[in-house]
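A.B. asks: make a model of this:
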Amino acid sequence: MAAIPGGADHAHDHGHDHHPGGIMRWVTTTNHKDIGSMYLWFSFAMFIVGGIMALVIRAELFQPGLQVVDPDRFNQMTTLHGLIMVFGAIMPAFVGFANWMIPLMIGASDMAFARMNNWSFWLLPPAAILLTTSLLVPGGAAASGWTLYPPLTVQMGIGMDMAIFAVHILGISSIMGSINIVTTILNMRAPGMTLMKMPLFCWTWLITAYLVIAVMPVLAGAVTMILTDRHFGTSFFNAAGGGDPVLYQHIFWFFGHPEVYIIAIPAFGVVSQVIPAFSRKPLFGYASMVYATSSIAILSFIVWAHHMYTVGMPVAGQLYFMFATMLIAVPTGVKVFNWVATMWRGSLSFETPMLFSIGFLFLFTLGGFSGLVLSMTAVDVQLHDSYYVVAHFHYVMVAGALFSAYAGAYYWLPKWTGHMYDEKLGKLHFWLSIIFFNMTFFVQHFLGLAGMPRRIPDYSLQFAEFNMISSIGAFGFGLSQLVFLVVVLKCLKGGEKAPAKPWDGAEGLEWTVPSPAPHHTFETPPVLK
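C.D. replies: Residues are numbered from 1 along each chain as shown. Below you'll find the model as predicted:
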């Protein structure tokens, strides 16, 4: 500084370190915390939009007959609800956690590519606008389900092109975010932090980021092929021109099945941070958790056609996909065992983050179990495209991803805001959510077993009672999410100041726990005297 007359003050006079204020601060920011916060707010906004669409669906299904929307609009709602929840709500929420926490956990100053980080966020709002405004164009949004199956998607209006463009932009954003996460974790860890000493949340995101980089281009390829079928005279999926609509299903599900784990694996990471903290005890079986997560990721690539048992696959193919799918239950079981073993003989306390983690544990396990049921070819042929499948994946997505995202939000809110959140309201949010969630989706198992198909606006009288229960539960669940908004706004405004170690007994908000070790952790066999 000596070379500059007047030193730092001189530089300040010339405006060298003026930072933009107001809205421009957020538009131009390269700070990982700001970007993490923007991801989280964006994902909550999209969660509300997607949730309103779900409530339109449930309002229509409250009783038999057509009351709220016409069948075409109903199908547009199912399509956009799925796309918005997957690409607009759940994925950005976990990218927000990654942006906030990974640099702090590995001791990095920021993410590796700070400007790319900003760009990967700012691609999301235009994509969201494209998706939602596709409802307003002539012909409306793609009424094809979130999977965008041809031949439906080849014949639709401009809304379909908007959806395809939106999916491309969302994919670019995800790929850039993932390249950033991989680079940050591999190159910017603090000295002495080997990969096997990283917090588990960083491990789960490292694995997830590789999955995103591997499968997002596959989705981009599939929707681009639809685009050329629509406008450029190709016949990839058009049987009249020698194409095959089932080819699309193979390409889509080669993306779609790993995508399920792109959503679930960061959730595993969050829960692996929260449970040890509230058990006052290190995570049980750290190495086995890393290996289990990696094997889940690898297996997720070789089970895609279990979504396609009903397309006329050869029996040998059905058998292979059945056994490969069942195999995923093994590493998943290892993880559940490890979480339970972490709590075993721990000094447990049940603050909101722990409640959501335990809710996750019970309900995600149930969702995994109904997935195991659907992995069996003979059973799935009966249940395919029924409400049993809807119940299954909502147990995995809502109870799996959303509940663990809430666990992470409550766990890290004191760190992010400097204030403690309102514990009573947090617990209220948890209990309302878990009760209404089960009310909404548990009965859908029975609807599916009784044969009610998905994606229909009307149904036979025998399904009326369960649909009514499900719709009431859905509105209850939707309204209880506003409690979370109140909690966050109260926390931002102020409230009790967060101590240096908000979770009494847990070291900081990270992963080390200073409590004395129990008699044995089952890592090494106990010595019998």
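A.B. asks: quick one: low-confidence residue ranges for this structure.
C.D. replies: Flagging of the chain using pLDDT under 70 yields the residue ranges 1-18, 504-529.
A.B. asks: what about the longest helix in it?
C.D. replies: In the chain, taking DSSP state H as the definition, the longest helix is helix 245-279.
A.B. asks: how about that one: buried residues?
C.D. replies: 245-246, 248-249, 251-279 (16 or more other Cβ atoms under 10 Å). (C-beta placed from N, C-alpha, C; glycine too.)
A.B. asks: quick one: Leu170 from Met354, how far?
C.D. replies: Look at Leu170 and Met354: by Cβ to Cβ, to the nearest Å, they are 33 Å apart.
A.B. asks: ditto for Thr183
C.D. replies: Distance from Thr183 to Met354, by Cβ to Cβ: 33 Å.
A.B. asks: compare the two (neighbour count), which wins?
C.D. replies: Met354 (23 against 15; other Cβ atoms under 10 Å).
A.B. asks: nearest spatial neighbour of that one, chain-adjacent residues omitted?
C.D. replies: Excluding the flanking residues, the one nearest Met354 by Cβ to Cβ, 6 or more residues apart in numbering is Phe278, at 3.8 Å.
A.B. asks: I'd like to know how far the one you found sits from Met343.
C.D. replies: Phe278 is 8 Å from Met343, by Cβ to Cβ.
A.B. asks: so where do the helices sit in the stretch 101-250 of the chain?
C.D. replies: Applying DSSP state H, counting those that start in this stretch to the stretch 101-250 of the chain gives helices spanning 114-122, 124-133, 158-187, 200-231, 245-279.
A.B. asks: quick one: the third one to helix 245-279, angle?
C.D. replies: Using axes from the mean of the first three to the mean of the last three Cα atoms, to 10 degrees, the inter-axis angle of helix 158-187 relative to helix 245-279 is 50 degrees.
A.B. asks: helix 158-187 packs against which elements?
C.D. replies: Other helices and strands packing on helix 158-187, by 3 or more Cβ pairs under 8 Å, 6 or more residues apart in numbering; DSSP states H and E, are helix 71-83, helix 91-106, helix 114-122, helix 124-133, helix 200-231.
A.B. asks: winner for burial among those?
C.D. replies: Mean neighbours per residue, mean count of other Cβ atoms under 10 Å, is largest over these for helix 91-106, with a mean of 25.
A.B. asks: got the angle between that one and helix 114-122?
C.D. replies: Relative orientation of helix 91-106 and helix 114-122, computed by the same axes, to 10 degrees: 150 degrees.
A.B. asks: CA atoms only: put helix 91-106 into CSV for me.
C.D. replies: The C-alpha atoms that make up helix 91-106 are tabulated as CSV, following Å, rounded to 0.1, in the frame of the first residue of the first chain:
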residue,chain,number,x,y,z
MET,A,91,-32.7,-29.3,-6.8
PRO,A,92,-32.1,-25.6,-6.3
ALA,A,93,-32.8,-26.0,-2.5
PHE,A,94,-29.9,-28.5,-2.2
VAL,A,95,-27.7,-26.4,-4.5
GLY,A,96,-28.4,-23.5,-2.1
PHE,A,97,-27.2,-25.7,0.9
ALA,A,98,-24.2,-26.7,-1.1
ASN,A,99,-23.3,-23.1,-1.9
TRP,A,100,-23.7,-21.9,1.7
MET,A,101,-22.1,-24.8,3.5
ILE,A,102,-19.4,-26.5,1.3
PRO,A,103,-16.9,-23.7,1.4
LEU,A,104,-17.4,-23.3,5.2
MET,A,105,-17.1,-27.1,5.8
ILE,A,106,-13.9,-27.6,3.8
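A.B. asks: what's that helix packed up against?
C.D. replies: For helix 91-106, the elements it packs on are helix 32-60, helix 158-187, helix 200-231, helix 245-279, helix 403-417, judged by 3+ Cβ pairs under 8 Å, 6+ apart.
A.B. asks: just want the angle from the fourth one to helix 403-417.
C.D. replies: For the pair helix 245-279 and helix 403-417, the angle between their directions (the same axes, to 10 degrees) equals 50 degrees.
A.B. asks: chain center to the next helix or strand after helix 245-279, what's the gap?
C.D. replies: Under the assignment DSSP states H and E, the closest C-terminal helix or strand after helix 245-279 is helix 286-299. Per Cα atoms, centre = their mean, to the nearest Å, the displacement of helix 286-299 from the mean C-alpha position of its chain is 18 Å.
A.B. asks: again, but for stretch 30-50
C.D. replies: Put simply, stretch 30-50 sits 13 Å off its chain's centre (Cα atoms, centre = their mean).
A.B. asks: report the buried residues of that stretch.
C.D. replies: 31-32, 34-40, 42-44, 46-47, 49-50.
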